[in-house]
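Asks: need the 3D shape of this:
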Amino acid sequence: MAEPGGLAAPRPASEAPASTSVLAVFAPIMLPVFLAVIDQTIVATALPAMARSLGEVERISWVVVAYLVANTIAAPVYGRLGDLFGRRLLMLTALAVFVAASLLCAVSTGIGTLTGARVLQGLGGGGLMTLSQALIGESVPPGRRGDFQGYLAAVIVCSSTFGPVAGGFLTQFFGWPSVFLINLPLGALAMLLVWRLPRTARRRGRVRFDALGLALLTGFITPLLLALERLQHFARSELPVVFALFALAGLCLAALAWQERRARAPLISPALLRNPAIWRADAMAGFSGASLVAMVTFLPIYLQVVGGAGPGETGFLMLPITAGVGIGSLLTGRLISRTGRTAIFPGIGLLVTAATLIAAALFAGHLGRAQLPWLLAVGAFCQGSAMPVAQITAQALAGPRMLGAAAGLVQLARSLGSALGVALVGGVLFATLAAADPRTAGLFAGMVEQGPAAMASLEPAQRAVVQAQIGGGFSAAFLTIACFSASILALAWSMPVRRL
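Replies: Predicted coordinates:
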C-alpha cells in the first residue's frame, strides 16, 4: 500500500532484521551521536580560553558558526549518499573526517586555521547524527524503533548536559586543545564499533548525485546562518549586509526548489516533502529544535542576570530541564513501541509544555531561581515526546530506499529550526528591552558580559526599574518559545498518520 506522495507504507516487521541485539546496535549508533552533540557544547565552554590564546576576539564566534554551517549542509548529503553506498561505509567516512579535523583543530595556531578546521569537522559531524538515525531504521525492527529513538534522545540530552562540565574541566587543567583531542580515542573506538556492524548491499546501477542541488543548498544555508549570526549584534550598521544575505538565501532557496523538481536523483526529495505526514514531521523537528535550543541558550542568561546565580550554580539548575527532556524521550519511545501510536504523545504533552512556558512568562519574577527550572522541567518532560515521533514517522513512511534521505531531512529541519529559533528569541528579547529603554538594552548586554556587577553604579530605585524591564524582556522571550511549542501541538493534532 502506498502513502500520499508515492512513498511506500511502513514495511512490516517481517521485512526488518530478524533479530537485533541491543548491545550490538546500541554502542555503534549512540557513540557517534554522543560525539556529535558533545562537540558543540564542550567547545562553547572553551571559547574564552581560545580567544585569550589565539587573539582576534571579534572573530571567535566563527569557530561556532563555521561548524554549524558545515554540519547543516552535510546532513542531507550523508543521508542521500548513505542510501546509495551504504550507511556503514558512510559512517566510517564521517568518523574519519571528524577525527582528523579534531586533530587539526587542536594544533591550530590562529583563528583562521581553527575556523577552517572547524568547517572540516562540521563536514564530518554532519553525518554522525543523520547516519545514526538512519542506522536505527536499517538495523532495528519496526517494533523496537521507538525504544531506540528514546535512547537516542536521552543520549543527546545527556551529552548536552555533560559537555559544558567536561569542557570547563579539560580547559582548566589541560588547555583548550584538549576539548578536541578527547575526540581522537572516542572516535577511534566508534570506528571500531561501526566496523563490526554487518555490511549492507550497495545499490546497483548508475549512481547519480545532485551536485547542483548541493551547491544551491550551500548557497541557501550559508548566507542564512551568517545573517542570523550578524543579527545577534543588534547593530543598525549591520542591517544592509543582513538584508543582502537574506536576499541571497531567498534566491538560492527558490533555485533549489526548481532544481529538486527537475533532478533525477534530488538531494532533497520533493516526494518526501509532498507527503503530508513527512513534512509535518520535519516541521515538528524544526520547532522542537527551536524550542529546546532557545531554552538552553537563554534560561542560563536569565538565571545569572536576573536570578544572580553563578556559572556553577546555573549548570546545576539546568539539570532538571535536561533530565526532563531525556526521560520524556525515553518514555515516549517505549510507549510508541508498546502501542504503535505516535502523534497522540506530543498532541497532549506539548499542551503542558506551552502552559508551563506561559506560566514562566507571567510568574517568573515571583519564583525563586531554584523554583523556575523545576516548573520548566515539567514542560521539558513533555517536550521530549516531539523528536522521537518526528524521526520515527519520517523514517517509517519514507521506506527503506529513502531512509537516509528522510533522516537527513529531519536533521536539516532541526538544525535550521535551532538557528532560527535562537535568533528569533534573541531578537524579541532585545527588541523588547530597546522598546522599554535603549539604555536598558545596553546595560543588559553589559550584565551578560560582566555579571550583576554592571548594575552596581545604579541607584536602588533605578536598579529596580531596570530589573523589571529585563524581566519583561524575558517574559516576551518565554512567550515566543511557547509559540514554538504551540506550533508542535498544532502539527501533532493535524498529523494524518497517527499510528505506525
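Asks: can you map out the strands along the chain?
Replies: Listed in chain order, the strands found in the chain under DSSP state E are 2-3, 7-8.
Asks: which of those strands comes out lowest on mean pLDDT?
Replies: Ranked by mean pLDDT, those bottom out at strand 2-3, with a mean of 40.
Asks: so where's the stretch 1-150 of the chain uncertain?
Replies: Applying pLDDT under 70 to the stretch 1-150 of the chain picks out residues 1-25, 41, 44-45, 47-48, 56-61, 137, 141-146, 149-150.
Asks: then the stretch 351-500 of the chain?
Replies: For the stretch 351-500 of the chain, residues meeting the criterion pLDDT under 70 lie at 445-458.
Asks: cutoff 80 now
Replies: Scanning the stretch 351-500 of the chain with the threshold set as pLDDT under 80 gives 369, 395, 398-408, 411, 419, 422-423, 437-467, 498-500.
Asks: could I get the full set of helices for it?
Replies: 371-383, 386-398, 403-436, 438-450, 460-493 (DSSP state H, counting those that start in this stretch).
Asks: quick one: contacts for the closest residue to Ala290 other than its chain neighbours?
Replies: Leaving out its chain neighbours, the residue that sits closest to Ala290 by C-beta to C-beta, 6 or more residues apart in numbering is Gly421, at 2.5 Å. C-betas here are computed from N, CA, C, even on glycine. With contact taken as C-beta atoms under 8 Å, 6 or more residues apart in numbering, Gly421 is in contact with 287, 289-291, 293-294, 481, 484.
Asks: how near is Gly308 to Leu216?
Replies: 48 Å (C-beta to C-beta, to the nearest Å).
Asks: burial of the spatially closest residue to Ala117 that is not a sequence neighbour, as a residue count?
Replies: Nearest non-adjacent residue to Ala117, counting by C-beta to C-beta, 6+ apart: Leu104, 3.9 Å away. As a burial measure, Leu104 scores 16 neighbours (other C-beta atoms under 10 Å).
Asks: return the residues in contact with Leu104.
Replies: For Leu104, the contacting residues are 113, 117, 120-121, by C-beta under 8 Å, 6+ apart.
Asks: of the residues you listed - the most surrounded one?
Replies: Gln121 (28 neighbours).
Asks: name the nearest residue to that residue, sequence neighbours excluded.
Replies: Once flanking residues are discounted, Gln121 sits nearest to Ala101: 3.6 Å by C-beta to C-beta, 6+ apart.
Asks: Pro320 contacts Leu372, correct?
Replies: No. Taking contacts as C-beta atoms under 8 Å, Pro320 lies outside contact range of Leu372: 10.0 Å.
Asks: looking at those two, which is more packed in?
Replies: Between Pro320 and Leu372, counted using other C-beta under 10 Å, the more crowded position is Leu372 (24 against 17).
Asks: contacts only, for the closest residue to the more buried one other than its chain neighbours.
Replies: Leaving aside its chain neighbours, Leu372 sits nearest to Ala364 (5.6 Å; criterion: C-beta to C-beta, 6+ apart). With contact set as C-beta under 8 Å, 6+ apart, Ala364 has these partners: 302, 306, 372, 471, 474-475, 478.
Asks: and if we set it to 7 Å?
Replies: 372, 471, 474-475, 478 (C-beta atoms under 7 Å, 6 or more residues apart in numbering).
Asks: quick check: it vs Leu245, distance?
Replies: Applying C-beta to C-beta to Ala364 and Leu245 gives a distance of 34 Å.
Asks: related to what we said a few turns ago, what about the residue nearest to Gln121, how many residues close to it?
Replies: Neighbours of Ala101 under the rule other C-beta under 10 Å: 24.
Asks: now swap in Leu245 and tell me
Replies: Other residues close to Leu245 by other C-beta under 10 Å number 21.
Asks: touching, it and Leu226? I think so.
Replies: Yes. Between Leu245 and Leu226 there is a contact at 5.5 Å, judged by C-beta atoms under 7 Å.
Asks: need the pLDDT of the residue nearest to Phe474 when sequence neighbours are not counted.
Replies: Spatially, and ignoring its direct neighbours in sequence, Phe474 is nearest to Tyr302 (5.1 Å; C-beta to C-beta, 6+ apart). Tyr302 is assigned 82 on the pLDDT scale.
Asks: for Ala281, same thing?
Replies: 91.
Asks: tell me the contacts of it?
Replies: With the criterion set at C-beta under 7 Å, 6+ apart, Ala281 makes contact with 390, 393-394, 410.
Asks: by neighbour count, which of the residues you listed wins?
Replies: In terms of neighbours by other C-beta under 10 Å, the contacts of Ala281 top out with Val410 at 34 neighbours.
Asks: quick one: contacts for that residue?
Replies: 133, 281-282, 285, 390-391, 394.
Asks: tabulate those (TSV), appending distance to Ile221.
Replies: What follows is the contacts of Val410, written out as TSV (distance: C-beta to C-beta, whole Å):
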residue	distance to Ile221
Gln133	19
Ala281	20
Asp282	15
Ala285	16
Ala390	20
Gln391	21
Ala394	20
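Asks: tell me the one of the residues you listed nearest Leu253?
Replies: Asp282 (15.1 Å; C-beta to C-beta).
Asks: ok, that closest one touching Gly408?
Replies: No. The criterion here is C-beta under 7 Å, and Asp282 misses it with Gly408 at 10.5 Å.
Asks: for Ala406, see how far away Gly213 is.
Replies: Computed as C-beta to C-beta, the Gly213 to Ala406 distance reads 16 Å.
Asks: Gly163 is in contact with Ile42, isn't it?
Replies: Yes. Judged on C-beta under 7 Å, Gly163 makes contact with Ile42 at a distance of 4.3 Å.
Asks: of these two, who's got more company?
Replies: A side-by-side neighbour count of Gly163 and Ile42, using other C-beta under 10 Å, places Ile42 first with 25 against 21.
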